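Visitor: how does the following fold in three dimensions:
(one chain, ligands or ions: 1)
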Amino acid sequence: MNDSHHRSPRSSVTSNTVSAWRAKLFLCLSLTASCFFPALAVAADAAATPPTGEQVYLERCAQCHEGGVPKAPHKMFLQMMATDAIHDALSTGIMQQQATGLSAAARVAVAEYLGGQSLADSQAKPEAQRCSGPAAKFDLNSPPAKAGWGMDRQNRRFVPAEIGGLAAADLPKLKLKWAFGYPKAQRARSQPLVALGAVYVGSQDGTVHALDFATGCTRWTFRASAEVRTAIQMDGWVAGTPAPARPLLYFGDLMARVYAVDALTGELVWKTKVDDHPNATVTAAPVLYDGRLYVPVSSLEVSSAGDPKYACCTFRGSIHALDAKTGATIWQSYTIPAAPSQTGTTSVGTAILGPSGAPIWNTPVLDTKRGVLYAGTGENYSSPADDRSDALLAFRLTDGKVLWARQKTSGDAWNVGCMLQNANCPKEEGPDVDFGAASILTTLPDGTDVLLAGQKSGDVYAVRPEDGSFVWHRKVGRGGIQGGVHFGMALDGNTLYVPISDMTGEEAEGTNKNKGPPRAGMHALNATTGEVLWSTLADDRCHGLQYCEPGISAAVTAIPGAVIAGHMDGRLRAYEQATGKVLWETETRQPFATVNGVAGMGGSMGGGSGPVVQQGHLLVNSGYGLYFHLPGNVLLVYAPE
Ligand code: HEC
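Guide: Purely as a prediction, here's the structure:
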């Protein structure tokens, strides 16, 4: 599976209505009122009995939003938007014309039906804990230390003492300083950024929060249309030199929009939709370099394919380069060179389109020396599997040209139809072993450069950045559709830390192609040779608790002498670099009193973010209520007593 959200596939109740509308709507190429509808029951009856949200949806939305019109996000996406964002789209946004003739009550009803919460709740702003006085002030002398999800451009996720202010010996002194509760959330997936004396973080309901680093009070909030689960990126500058007049933050949302927002006020500067595909999404953090933003593009089409009537599939992964000042496109380069075409028909008569898939849901690694960006891809969604799935690709920075592509697992086509055992499952049937974790670029002690990559199959590779050719390979975990290596390794000098998820449930092993005993836990490899230095397998503290797993899905973070990892059972642990011994641990699967008064609860850790260490503080998210993991909604900030 791609690492993106999916709900259970929609029922086929509406399919007849949908196909009746389809032919008509295909003739209607623009979304203007002139191609609009006869008066429908919903509009006519509005005065008498207010229609339910579902009625409005079926009569006025489903025909476009269940595959009928190109670019219209699938219902599944609309359900992941906040109620007020849907309501805004109908009242003042891009769906105004489509909502023509709908009463105010009908608009609210359909927005609430899709958004799953009341309009009033979705509009409620966390005013109670607004910062005042010095806590409200941004400190322009405190630029972001090491920008980016990967902590540096090489994605090493190693935080040196001068930035982190934490060494292994300090860990046992850590105490919880404050906790923030993400409102209306079951998961916390956006890796926080510490800069300007603030913590910037996205959240499930689409709110980006700017919090005071010292106390957690709120300086401003910004509302995107849908979940923001990428890390927040920021223009850096050298401490002591003048700050830019308007420092900008960059992030993506689940609707494949990328935003630039003023870091001091939360005002929108620009937003750009980075892909035309209705199921496209942005889940990994973009890379910011030299005035450009390089955005990895993934999709949720893997889940749409769970419907056997869905013609699977047409999405192709890409990197989209934007002008960081304006959001204008510079280039978009696809992982799969040619657009998909029909390759067959399923046993229930649905068209098969391919090749498709090869999404990018990891943060690319930047190679400024060679002018290249490297990213790993996921599986194909449909047959035939091609040579661009589960591969490492090198994109030229200037124009996006793919300089080389090296596939690690061939013949991997998979979609949610395989989980549901229906006709849309491609004949390859998996094993669904994406590169979900970002690759790391490093210079080895002997002076050679290598790219280190971890795969959901549990394999780790070192390849040459020049051409992707082989240096070494080590199988570290059993692998599964949620890893193996899921979201991110870390590197300290010649020590490569490899977190392994290896979930125990069948759903995690996927189509049972990922065989062998699980190796969930933390492993350290010699980055030059691939030799295993130590393995600390995670003990089981779940004791049969449903959705609890001992392994590590989240990206891990190294500090001098140790590596810090959030486990899927809620434990946050630090392992000693030399031995793999657990130096410190704390339980996050528990209730927390939060500074903003939201009921706080920790759960599984995973889903893209990892620990952040800065200025003597350790920040982590806890909660991953999705894909058979434990829900939670907290940002936890620890500091030594
Ligand atoms: C005629 C086809 C059509 C109909 C009918 C239609 N939509 Fe849309 N809708 C689209 C398309 C196309 C887009 C994508 C537009 C874009 O991104 O440029 C879209 C986008 C949206 C969005 C996303 C807005 C955003 O912020 O990205 C929402 C929400 C939405 N529609 C809700 C609805 C609802 C609710 C209804 C029924 C009341 C509806 N739509 C009816 C075609 C339609």
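
Visitor: so how far is the ligand from the residue nearest to residue 176 when sequence neighbours are not counted?
Guide: In space, and not counting its chain neighbours, residue 176 is closest to residue 638: 5.7 Å by CB to CB, 6 or more residues apart in numbering. Any C-beta I mention is one placed from the backbone N, CA and C, and that applies to glycine too. Taking CB to the nearest ligand atom, to the nearest Å as the measure, residue 638 falls 36 Å from the ligand.

Visitor: ranges for the strands of the stretch 251-400 of the chain?
Guide: Ranges of strands in the stretch 251-400 of the chain, per DSSP state E, counting those that start in this stretch, are 257-262, 268-273, 280-281, 287-289, 292-299, 318-323, 329-334, 341-345, 351-354, 365-367, 372-376, 391-396.

Visitor: got the angle between the next helix or strand after the last one and strand 318-323?
Guide: This points to strand 391-396. Downstream of strand 391-396, the next assigned helix or strand under DSSP states H and E is strand 402-407. Angle between the axes of strand 402-407 and strand 318-323 is 150 degrees (criterion: axes from the mean of the first three to the mean of the last three CA atoms, to 10 degrees).

Visitor: in strand 402-407, what counts as buried?
Guide: 404-407 (16 or more other CB atoms under 10 Å).

Visitor: same check, this time on stretch 607-616
Guide: Buried residues in stretch 607-616 (16+ other CB under 10 Å): 607-614.

Visitor: between the buried residues of strand 402-407, which is closest to the ligand?
Guide: The shortest approach to the ligand among the buried residues of strand 402-407 belongs to residue 405, at 30.1 Å (CB to the nearest ligand atom).

Visitor: was I right about the closest one contacting residue 388?
Guide: Yes: the pair residue 405 and residue 388 qualifies as a contact (CB atoms under 8 Å) at a distance of 5.9 Å.

Visitor: what is in contact with those two at once?
Guide: Common contact partners of residue 405 and residue 388 (CB atoms under 8 Å, 6 or more residues apart in numbering): residue 335.

Visitor: with only the CA atoms kept, save stretch 418-429 in PDB.
Guide: Taking C-alpha atoms only, stretch 418-429 is exported to PDB below (Å, rounded to 0.1, in the frame of the first residue of the first chain):
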ATOM      1  CA  CYS A 418      -5.600  -7.200  -3.400                       C
ATOM      2  CA  MET A 419      -6.500  -6.700   0.300                       C
ATOM      3  CA  LEU A 420     -10.100  -7.100  -0.600                       C
ATOM      4  CA  GLN A 421      -9.400 -10.000  -2.900                       C
ATOM      5  CA  ASN A 422     -11.400  -8.600  -5.800                       C
ATOM      6  CA  ALA A 423     -11.000  -8.300  -9.600                       C
ATOM      7  CA  ASN A 424      -9.000  -5.100  -9.500                       C
ATOM      8  CA  CYS A 425      -6.000  -6.800  -7.900                       C
ATOM      9  CA  PRO A 426      -3.300  -7.000 -10.500                       C
ATOM     10  CA  LYS A 427      -2.100 -10.400 -11.500                       C
ATOM     11  CA  GLU A 428       1.400  -9.700  -9.900                       C
ATOM     12  CA  GLU A 429      -0.400  -9.400  -6.500                       C
END
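
Visitor: distance between it and the chain's centre?
Guide: Mean C-alpha position of stretch 418-429 versus that of the full chain (CA atoms, centre = their mean, to the nearest Å) differs by 24 Å.

Visitor: all strands in the stretch 451-600 of the chain, in order from the N-terminus.
Guide: Under the criterion DSSP E, counting those that start in this stretch, the stretch 451-600 of the chain contains strands at 459-463, 470-475, 490-492, 495-500, 521-526, 532-537, 557-559, 562-566, 571-576, 582-587, 591-592, 600-601.

Visitor: the residue lying closest to residue 339 once chain neighbours are set aside and the ligand, how far apart?
Guide: Of all residues not flanking residue 339 in the chain, residue 316 sits nearest, at 7.4 Å (CB to CB, 6+ apart). As judged by CB to the nearest ligand atom, residue 316 and the ligand stand 18 Å apart.

Visitor: go ahead and confirm residue 316 touches residue 353.
Guide: No: using CB under 8 Å, residue 316 is not in contact with residue 353; the gap is 10.9 Å.

Visitor: starting at the chain centroid, how far to stretch 394-413?
Guide: That offset, for stretch 394-413, works out to 21 Å (CA atoms, centre = their mean).

Visitor: go on, stretch 201-208?
Guide: With CA atoms, centre = their mean, you get 12 Å for stretch 201-208.

Visitor: what comes into contact with it?
Guide: Under CB under 8 Å, 6+ apart, the answer for stretch 201-208 is 81-82, 85, 122, 182-193, 200, 209, 211, 221-232, 249, 251, 253, 261, 266, 621, 633, 635.

Visitor: which of those fall in helices?
Guide: The helices, defined by DSSP state H, take in 85, 122 from the contacts of stretch 201-208.

Visitor: re the thing from before, which pLDDT does the model give the residue nearest to residue 339?
Guide: As predicted, residue 316 sits at a pLDDT of 97.

Visitor: show me what contacts it?
Guide: The contact partners of residue 316, by CB under 8 Å, 6+ apart, come to 334-336, 339-340, 356-358.

Visitor: most neighbours out of those, which is it?
Guide: Neighbour tally across the contacts of residue 316 (other CB atoms under 10 Å): the maximum, 37 neighbours, falls on residue 357.

Visitor: and that one, how close does it get to residue 583?
Guide: Going from residue 357 to residue 583 by CB to CB, to the nearest Å gives 41 Å.

Visitor: next: residue 536.
Guide: According to CB to CB, residue 536 and residue 583 sit 11 Å apart.

Visitor: shared neighbours, these two?
Guide: Counting by CB under 8 Å, 6+ apart, the contacts common to residue 536 and residue 583 are residue 575.

Visitor: so how many other residues sit close to residue 248?
Guide: Neighbours of residue 248 (other CB under 10 Å): 20.

Visitor: got the contact list for the nearest residue to it once chain neighbours are set aside?
Guide: Leaving out its chain neighbours, the residue that sits closest to residue 248 by CB to CB, 6+ apart is residue 260, at 4.9 Å. Neighbour list for residue 260: 248-250, 268-271, 324, 327 [criterion: CB under 8 Å, 6+ apart].

Visitor: equivalent analysis for residue 209, please.
Guide: Contacts of residue 209 (CB under 8 Å, 6+ apart): 180, 199-203, 218, 221.

Visitor: what's near enough to touch residue 373?
Guide: Taking CB under 8 Å, 6+ apart, one finds 287, 294, 319, 364-367, 394-395, 397 in contact with residue 373.

Visitor: could those be laid out in TSV, adding distance to residue 626?
Guide: Shown next, in TSV, are the contacts of residue 373 (distance: CB to CB, whole Å):
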residue	distance to residue 626
287	25
294	26
319	25
364	24
365	26
366	29
367	33
394	32
395	30
397	34
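
Visitor: nearest to the ligand among the residues you listed?
Guide: residue 319 (20.5 Å).

Visitor: what is the neighbour count of that closest one?
Guide: Neighbour tally, residue 319, other CB under 10 Å: 25.
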